[in-house]
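**Q** What shape does this take:
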Amino acid sequence: MLSRNVETFLGCDAGYTESKIVLFGAPFDSTTSFRPGARFGSRAIRQESYGLETYSPYLDRDLADCAVFDSGDLDLPFGDPGEPLRLINERTATILRDDKIPFLLGGEHLVTLGAVHAASARHPDLHLIHFDAHADLRDQYLDVHLSHACVIRRCWERLGDGRISQFGIRSGDRSEFAWARGGQHVRTRMFDFDGLAHTLKSIGKKPVYLTVDLDVLDPSIFPGTGTPEAGGVSFAELLNALFLVISQANVVACDVTELAPGLDISGVSTAVACKVVREMLVALG
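**A** The predicted structure follows:
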């Protein structure tokens, strides 16, 4: 008997009821400030995932043994981000209400805001761990407050002081670094992941939202992104940091954002994104 064709991320074909993790995509990039194309990221990650094996030699585990449901991409309107953020919030809230882990595939980094709102409503003591090249702490960008350049500032407005820890940051407006200096509002680690273990120890078992902007990687590894920034971390450094967070923290939701597949015709950036997603799924599962 033939079955209908359903495209999912590699190995993520379990039913919803038995799944611990639920993938969904947010194909949105209307506030991208430099090179657009991240709206195609989630679809490319799904399509190209079949170039990988389900087995992780890093963790000696297999994605085929994890129960993951891929609910596909949201149908998001372009332009004003208000409605896309509402739809992302709604999908995240549904997954959390069913005691599962939402795993969001971007899209530009602003999509994180909708998911963080839902996660903080479910977990009022939520902490945010943020891997990125950019601080994303602007109060506004070109007089717009809902921008991927402002997403972590908007998350701070929701979560408050002492709940956000950033790593790998190497770019931002002077006013962003002045606002973050001293750690009163957010804790910012420049250039690398030093201090991550200490941060996780201080958070303890409080709920954590993990957001990964893939431009935290050096563009020699990951050029397919809207705002590449030289001087980033290596793939091995990123994986080790992700494994540390997932093994030590109570991760209740997460995302991977800012792959713009059309900006890297070699396909290497998409392959890197697929492997990051696979390793996160295996670690979470």
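**Q** so Ser147 sits in a helix?
**A** No - counting by DSSP: H, G, I helix; E, B strand; the rest coil, Ser147 is not found in a helix; it is coil.
**Q** Surely it is in contact with His134?
**A** No - assessed by Cβ atoms under 8 Å, Ser147 is found out of contact with His134, at 11.4 Å. (Glycine included, C-beta is placed from N, CA and C.)
**Q** Pick out whichever of these two has more residues nearby.
**A** Taking other Cβ atoms under 10 Å, Ser147 and His134 do not tie; His134 has more neighbours (27 against 23).
**Q** Gln47 against Leu10, yeah?
**A** No - the pair Gln47 / Leu10 is not scored as a contact, 10.2 Å apart, by Cβ under 8 Å.
**Q** Neighbour count for these two, which is higher?
**A** Leu10 (22 against 15).
**Q** so which strand or helix has that one?
**A** For Leu10, there is no enclosing helix or strand under DSSP states H and E.
**Q** starting at the chain centroid, how far to stretch 90-97?
**A** Relative to its parent chain, stretch 90-97 has a centroid offset of 16 Å by Cα atoms, centre = their mean, to the nearest Å.
**Q** Could I get the buried residue list for that stretch?
**A** 91-93, 95-96 (16 or more other Cβ atoms under 10 Å).
**Q** just stretch 214-225 next, same as before
**A** Under the neighbour-count criterion of 16+ other Cβ under 10 Å, stretch 214-225 has 214-219, 222-225 buried.
**Q** Looking at those, which are in strands?
**A** With strands defined by DSSP state E, no entry of these lies inside them.
**Q** Save those as JSON lines, and put in pLDDT and distance to Gln248 too.
**A** Below are those laid out as JSON lines (pLDDT from 0 to 100; distance: Cβ to Cβ, whole Å):
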{"residue": "Leu214", "pLDDT": "98", "distance to Gln248": "22"}
{"residue": "Asp215", "pLDDT": "98", "distance to Gln248": "24"}
{"residue": "Val216", "pLDDT": "98", "distance to Gln248": "19"}
{"residue": "Leu217", "pLDDT": "98", "distance to Gln248": "22"}
{"residue": "Asp218", "pLDDT": "98", "distance to Gln248": "25"}
{"residue": "Pro219", "pLDDT": "98", "distance to Gln248": "29"}
{"residue": "Phe222", "pLDDT": "98", "distance to Gln248": "25"}
{"residue": "Pro223", "pLDDT": "98", "distance to Gln248": "31"}
{"residue": "Gly224", "pLDDT": "98", "distance to Gln248": "30"}
{"residue": "Thr225", "pLDDT": "98", "distance to Gln248": "27"}
